[in-house]
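Novice: sequence first, then the predicted structure, then my questions.
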Amino acid sequence: MSTRTSQTLKAFYDAMFEAFGPQRWWPAKSPTEVIIGAILTQNTAWRNVERAIANLAAAKTLDWRRLHEMTVEELAELVRPAGTYKVKARRLKSFVEWLWDRYQGDLKRMFNTSSDALREQLLSVSGIGRETADAILLYAGGVPSFVVDAYTARILYRHGLVDDSADYDEIKDLFESNLPEDAAYFNEYHALLVQVGKLHCRPCPRCEGCPLERFEHEDLTRRSSRDE
DNA sequence: GACCAGGCACATC
DNA sequence: GATGTGCATGGT
């Protein structure tokens, strides 16, 4: 199928890829590290997540058994640089406890579950919302589940592909129903959107030089303090 | 000092 | 169902 939306989304990808090349996401050494990073990066700059992960690595706790044995207070001290550290320690713990109860602490068993069922299960864990669940599925499990984040919503909104009330599932479905169901493609696409977002599509945007600049969009740079 | 960052749960209406 | 708020470190 080749609707207009589908063509536009593919053209976005091509333009971003041409500008930035492969992003090689997720920036982690193992599925375990992906999952920990996905929880730690919630509403947090990646730079700070790296510090927290470095602390965990230094303490040799990038390991589900060790994480299972630690207290939430010990964990909190290690993840402190990532911000909201008490909350995040609790969320990591709730995932670990769940992984232990349900899959004996074994990620391979977890990913052996059918992806739709696993997504529902992940969403039932306190601290794992839609973006985190999809990041785990895609970047730790290689499941073609499109990840939506604040940049994604902002970029699509500014290009008129969704309105500002579009929710997570609506945006996710827009990608998944208009692109080939390919985990490698979804992987690269989301990473490229984040790169465009970081460089050009923050709350106060900088459209100059953006690889999507040539596509129809609303240039808000001159009215960052607009009130509608 | 203000604002932001690869969200989420929970309270309230 | 929609909207508001707390969480918190570190960079710009």
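Specialist: Here it is on my side, so go on.
Novice: switch to C-alpha atoms for all contacts and neighbour counts from now on
Specialist: OK.
Novice: domains in chain A, as residue ranges please.
Specialist: A:4-24+A:147-217, A:31-140 (automatic domain parsing).
Novice: DNA strand C: which of those is closest?
Specialist: Closest to DNA strand C of those is domain A:31-140 (Cα to the nearest atom of the strand; 3.1 Å).
Novice: is it true that A:Thr44 touches A:Gly83?
Specialist: Yes. Using Cα atoms under 8 Å, A:Thr44 is in contact with A:Gly83, at 7.2 Å.
Novice: ok so, going back, the domains of chain A into JSON lines, with extra columns for mean pLDDT and mean neighbour count?
Specialist: As requested, those are exported to JSON lines (pLDDT from 0 to 100; neighbours: other Cα atoms under 10 Å):
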{"stretch": "domain A:4-24+A:147-217", "mean pLDDT": "96", "mean neighbour count": "17"}
{"stretch": "domain A:31-140", "mean pLDDT": "98", "mean neighbour count": "18"}
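Novice: how about A:Ile128, what does it touch?
Specialist: By Cα atoms under 8 Å, 6 or more residues apart in numbering, the residues touching A:Ile128 are A:Ile39, A:Arg91, A:Leu122.
Novice: can you do 7 Å?
Specialist: A:Leu122 (Cα atoms under 7 Å, 6 or more residues apart in numbering).
Novice: SS state for it?
Specialist: Of the three states, A:Ile128 takes coil under DSSP: H, G, I helix; E, B strand; the rest coil.
Novice: now it: how far from DNA strand B?
Specialist: Distance from A:Ile128 to DNA strand B, counting by Cα to the nearest atom of the strand, to the nearest Å: 4 Å.
Novice: repeat that for A:Thr113.
Specialist: Distance from A:Thr113 to DNA strand B, by Cα to the nearest atom of the strand: 20 Å.
Novice: just the element for that residue, please.
Specialist: Per DSSP states H and E: A:Thr113 is located in neither a helix nor a strand.
Novice: do the one 4 residues further on as well
Specialist: Element membership of A:Ala117 [criterion: DSSP H and E] is helix A:115-123.
Novice: ok, is stretch A:129-136 in contact with DNA strand C or not?
Specialist: No. Stretch A:129-136 lies apart from DNA strand C when judged by Cα under 7 Å from any atom of the strand; the minimum separation is 11.8 Å.
Novice: tell me which helix or strand A:Asn187 sits in.
Specialist: helix A:183-200.
Novice: just A:Pro22 next, same as before
Specialist: Per DSSP H and E, there is no helix or strand for A:Pro22.
Novice: now swap in A:Val148 and tell me
Specialist: Counting by DSSP H and E, A:Val148 is found in no helix or strand.
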